[in-house]
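Enquirer: here's my sequence, what's the structure:
(chains A and B)
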Amino acid sequence: MQLFLQRIFDGLNNGAVYAVVAIALVLIFKATTLVNFAQADMAMFGAYLTWMFATQQGWPVWPSILVAMILTGIGGAVIERVLIRPFDPSDHLPIVLITFGLAAILQAIAGWKWGLEFHKFPSPFPAKPTDYVGIGGARLRYETIGTLIAMVLMVLAVFLILNKTKIGLAFRAVSSTIESSRLVGIKVGQTLQFGWFLAAALGTLGGALVARQTNLEPAFMAKLVIFSFAAATLGGLDSIGGAVIGAFLVAMIQSILVGYAQQIPGLHWMKSNYALVIAFVVILVVLLFKPEGLYGTRRIERV
Amino acid sequence: MNMVTPKLKVTNVDARYGQVQVLRGISFEVKEGEVVVVLGANGAGKTTSLRAICGMVSTTGSVQIEGQEVRGRDTADIVRRGVAHVPQGRGTFPELSVLDNLHVGAYVRKDRKGIEEDVDRWLEVFPRLSERRSQSAGSLSGGEQQMLAVARAMMSRPKLLLLDEPSLGLAPLIIEDLFRRFGEINKETGTTMLIVEQNANLALDIADRGYVLESGSMVLSGTADELRTNEAVREAYLGA
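Expert: This is a model prediction of the structure:
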């Protein structure tokens, strides 16, 4: 029981992180119907900025995160304007390749500027060994609680922006039909740019939430983003609520399955590395049997 | 009356998609408060002529709205000058609710109070929409979607409303009801309307004047009554 609880708590922690990044993926997908393969590395860059402010400038962690979010948000907006907007949005391949290229460039810059070695990342939440609540012998760490709260607040913020503001309405309109959006006077380019701003800022938050647990190195988000991809695919790539639920499902599958597999004779070789395989299996199974995911929109054309 | 600048003046407009020339030097105008209908068969260039006005296809020639040249401008800019376009296939936002569709129609406006009043007003005009205000637009029937498209367009309080074959794919009774409403909207709000249609009967009933478009050229123009009694029009578009 104690072990089971502990796995659940670990799953909650990972789920919250996957969710933050998955929402960023969903925002870009809603806006452009394509997956931003540079999302992880934009988040990695944001985490490095946070780390720089916190360790080299000596700022407190949260202001460092906020400033890094704003800076990467602006970076995202610039990327949209310079690298995405000049291309025909209905032709996906060039844009997908551009996001791949961008990912490689960002990793290279990070490696060159900050080195390939691991850096200790300052914790946004109390993270001493004693900072936990004991429940049934299992440890619910303050870090996990904090990460969950941060994720809930972020989901709330995204929900309010999308549903209660004018730019949010415009964003949903553009996600629905670009041509009709032009016809009601929406500046489509600027609206999509706003989506990139938001996604980049959220990615940075996700990166900063997880960096203490993984340590910081140029590829640290690239490893993690697979789980967010799995989460977003499972939840439905255009559904924010779906991405959150997908994230927790993937995280629970990961922590419970991998956790217990090691105790089953014959499966003891299954180390935590195999969690990656699980993420891929989730993506594969969803795409095969339910391509729109659990909560995604099935595209129906009405004539 | 002739001294007044027309709401819309299209002069010698050419449009092409790649190699195919769709409009060949068409000219027409719509005056303040008028309902003007452009009749034409499939492929005559009706849709393209509306898209030319909104800057959704590249053109040569001149398109003036209230005397101001808008040809070559961005669609969003032209819309901000008071043009609302209901494209073929309605152009609603299927994933958005009926209410959100109305709100997004008022995107270019800034008067929050006025917008809410207009939402109430159009829901009153179209009670079917009011019943379905929280449903997604994609779940509405064809006729309801067309009502929503028109209401959404009116939410911008347009000076000029462009309607692209509003009758397409709708049952006769619904079409009749729609056109009656277009007439009412024109009378009550004074909104200038340009309608392109194949369904000449109903369109001419509410129109002041009309044009006939054939293979990308305007071949005929006149008052609604003149067109209704014109032999060629009767044969081609009125089925008489």
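Enquirer: point to the helix or strand of the chain where mean pLDDT is at its lowest.
Expert: Using chain A. helix A:258-261 (a mean of 77; mean pLDDT, DSSP states H and E).
Enquirer: wrong one, chain B
Expert: helix B:231-237 (a mean of 82).
Enquirer: and it, what's buried?
Expert: Residues of helix B:231-237 classed as buried by neighbour count (16 or more other Cβ atoms under 10 Å in any protein chain shown): B:233, B:236, B:237. Heads up, the C-betas are built off the backbone N, CA and C, glycines and all.
Enquirer: again, but for stretch A:4-19
Expert: A:6-19.
Enquirer: and the helix or strand encompassing residue B:79, does that touch chain A?
Expert: Assigned by DSSP states H and E, residue B:79 belongs to helix B:75-80. Yes. Residues of helix B:75-80 are located near chain A by Cβ under 8 Å from any Cβ of the partner chain, namely B:75, B:76, B:79, B:80.
Enquirer: can I get that helix as PDB, trimmed to CA atoms?
Expert: Extracted in PDB, the C-alpha atoms of helix B:75-80 (Å, rounded to 0.1, in the frame of the first residue of the first chain):
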ATOM      1  CA  THR B  75      -9.000  41.700 -45.900                       C
ATOM      2  CA  ALA B  76      -9.000  42.600 -42.200                       C
ATOM      3  CA  ASP B  77      -8.500  46.300 -43.200                       C
ATOM      4  CA  ILE B  78     -11.400  46.200 -45.600                       C
ATOM      5  CA  VAL B  79     -13.700  44.600 -43.000                       C
ATOM      6  CA  ARG B  80     -12.700  47.400 -40.600                       C
END
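Enquirer: tell me the mean pLDDT over the helix or strand just after it?
Expert: Tracing the chain past helix B:75-80, the next element assigned as helix or strand by DSSP H and E is strand B:83-86. Average pLDDT, strand B:83-86: 94.
Enquirer: okay, now residue 181: neighbour count?
Expert: No chain was given, so I picked chain A. 25 (other Cβ atoms under 10 Å in any protein chain shown).
Enquirer: oops, I was thinking of chain B
Expert: With neighbours defined by other Cβ under 10 Å, the count for residue B:181 comes to 17.
Enquirer: is it true that residue B:28 lies in a strand?
Expert: Yes. Per DSSP: H, G, I helix; E, B strand; the rest coil, residue B:28 lies within a strand segment.
Enquirer: list the residues that contact residue B:162.
Expert: For residue B:162, the contact set (Cβ atoms under 8 Å, 6 or more residues apart in numbering or on different chains) comprises B:50, B:53, B:54, B:83, B:84, B:85, B:86, B:193, B:194, B:195.
Enquirer: which strand or helix spans residue A:4?
Expert: helix A:2-32.
Enquirer: counting by contacts, list what that helix packs against.
Expert: Contacts defined by 3 or more Cβ pairs under 8 Å, 6 or more residues apart in numbering or on different chains; DSSP states H and E place helix A:2-32 against helix A:39-51, strand A:138-141, helix A:142-164, helix A:166-176, helix A:188-214, helix A:220-235, helix A:240-252, helix A:258-261.
Enquirer: return the most buried member of those.
Expert: The highest average neighbour count among the helices and strands packed on helix A:2-32, using mean count of other Cβ atoms under 10 Å in any protein chain shown, belongs to helix A:39-51 at a mean of 28.
Enquirer: let me know the angle separating it from helix A:2-32.
Expert: Angle, helix A:39-51 to helix A:2-32, by axes from the mean of the first three to the mean of the last three Cα atoms, to 10 degrees: 110 degrees.
Enquirer: quick one: residue B:12 and chain A, what's the gap?
Expert: Noted for residue B:12: a distance of 25 Å to chain A, by Cβ to the nearest Cβ, to the nearest Å.
Enquirer: name the SS class of that residue, please.
Expert: Applying three-state DSSP: residue B:12 is strand.
Enquirer: now the one 4 residues further on
Expert: Reducing the assignment at residue B:16 to three states with three-state DSSP gives strand.
Enquirer: with adjacent residues omitted, what lies nearest to it?
Expert: Nearest residue to residue B:16, sequence neighbours excluded (Cβ to Cβ, 6 or more residues apart in numbering or on different chains): residue B:22, at 6.0 Å.
Enquirer: wait, what's in contact with residue 155?
Expert: No chain in the question, so chain A it is. Each residue near residue A:155 by Cβ under 8 Å, 6+ apart is listed here: A:19, A:23, A:240, A:244.
Enquirer: chain B was what I was after
Expert: So residue B:155 contacts B:102, B:103, B:105, B:106, B:109, B:115, B:118, B:119, B:122 (Cβ under 8 Å, 6+ apart).
Enquirer: which residues touch the second one?
Expert: Yep, that's residue B:103 we're talking about. A:169, B:115, B:119, B:155.
Enquirer: what about 7 Å?
Expert: With contacts defined as Cβ atoms under 7 Å, 6 or more residues apart in numbering or on different chains, residue B:103 is in contact with A:169, B:115, B:119.
Enquirer: so which elements touch the least confident helix or strand of chain A?
Expert: Counting contacts by 3 or more Cβ pairs under 7 Å, 6 or more residues apart in numbering or on different chains; DSSP states H and E, helix A:258-261 is packed against no other helix or strand.
Enquirer: quick check: PyMOL command selecting the buried ones in the residues of helix B:75-80 next to chain A.
Expert: Of those, the buried ones go into a single PyMOL selection, burial set by 16+ other Cβ under 10 Å:
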select buried, chain B and resi 75+76+79
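Enquirer: now the residues of helix B:75-80 next to chain A in a markdown table, with pLDDT?
Expert: Listed next are these as a markdown table, based on pLDDT from 0 to 100:
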| residue | pLDDT |
| --- | --- |
| B:75 | 91 |
| B:76 | 89 |
| B:79 | 92 |
| B:80 | 91 |
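Enquirer: and which of the residues of helix B:75-80 next to chain A is nearest to residue A:57?
Expert: Closest approach to residue A:57 among the residues of helix B:75-80 next to chain A (Cβ to Cβ): residue B:76, at 41.6 Å.
Enquirer: can you redo the helices and strands packed on helix A:2-32 as JSON lines with distance to residue B:207?
Expert: Putting the helices and strands packed on helix A:2-32 into JSON lines (distance: least, Cβ to Cβ, whole Å) gives the following:
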{"stretch": "helix A:39-51", "distance to residue B:207": "53"}
{"stretch": "strand A:138-141", "distance to residue B:207": "72"}
{"stretch": "helix A:142-164", "distance to residue B:207": "41"}
{"stretch": "helix A:166-176", "distance to residue B:207": "31"}
{"stretch": "helix A:188-214", "distance to residue B:207": "33"}
{"stretch": "helix A:220-235", "distance to residue B:207": "51"}
{"stretch": "helix A:240-252", "distance to residue B:207": "46"}
{"stretch": "helix A:258-261", "distance to residue B:207": "71"}
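Enquirer: I appreciate the help and will end here.
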